[in-house]
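**Q** missing the sequence, but the structure's below:
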């Protein structure tokens, strides 16, 4: 099974990094093919809303998104891991999602969604944010839902934690890491 994971936090060793690492452990141990993109280290230009992808479903900008497009197209499972910043996904995550407008055009304008593949296509959203209210999690999930739908991932699960702010605070949550491991197992059906 091919798994693509997007690490959308700028903070190495932070809460998002720890959640994603724990989620990926059983997937790696199960021998699945994992491609991990650390979005903060990539050269991705924002979507220019130029309409260049409307007739082809292919973005006219050439940067590190070209690696991502191919990985998404071939993925059986897609994981998005992001902190919650100002009630939404991080800029690193959102810039990648916005550039998937090409997939939206391919699916909805050209009527050529990505094929389901042997294992079907499923997604997972991992998020952690400092705000104690759930609105940041629900706003982030709304964006992720639109992303998953546009890349032909018909269903996804979400594991989110609020009130997790300082670096490493997720380690003090009583169930976060075991929950992350369990959802990784579930995602690939181990």
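**A** All right, it came through fine. Just so you know, these numbers come straight off a predicted model, no measurement behind them.
**Q** Name the spans of this protein whose pLDDT lies under the cut-off.
**A** The chain contains residues with pLDDT under 70 at 190.
**Q** Strands along that one, start to end?
**A** Under the criterion DSSP state E, the chain contains strands at 2-7, 33-38, 77-85, 88-89, 122-129, 155-162.
**Q** Sheet partners, orientation included, of the longest one?
**A** When you say that, I think you mean strand 77-85. Using DSSP bridges, strand 77-85 pairs in its sheet with strand 2-7 (parallel), strand 88-89 (antiparallel), strand 122-129 (parallel).
**Q** Make JSON lines out of those strands and add distance to residue 146 and mean neighbour count.
**A** C-beta coordinates here come from the backbone N, C-alpha and C atoms, glycine included. Formatted as JSON lines, the strands paired with strand 77-85 follow (distance: least, CB to CB, whole Å; neighbours: other CB atoms under 10 Å):
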{"stretch": "strand 2-7", "distance to residue 146": "15", "mean neighbour count": "23"}
{"stretch": "strand 88-89", "distance to residue 146": "11", "mean neighbour count": "23"}
{"stretch": "strand 122-129", "distance to residue 146": "12", "mean neighbour count": "26"}
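**Q** With distance to residue 16 added, can I get those in TSV?
**A** TSV is the format used below for the strands paired with strand 77-85 (distance: least, CB to CB, whole Å):
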stretch	distance to residue 16
strand 2-7	7
strand 88-89	10
strand 122-129	6
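**Q** and of those, who's closest to residue 47?
**A** strand 88-89 (14.6 Å; CB to CB).
**Q** And that closest one, how far out from the chain middle?
**A** 11 Å (CA atoms, centre = their mean, to the nearest Å).
**Q** Ok, stretch 152-169 next?
**A** 10 Å.
**Q** now do stretch 106-118
**A** 19 Å.
**Q** now swap in stretch 96-105 and tell me
**A** Using CA atoms, centre = their mean, the offset of stretch 96-105 from its chain centre is 13 Å.
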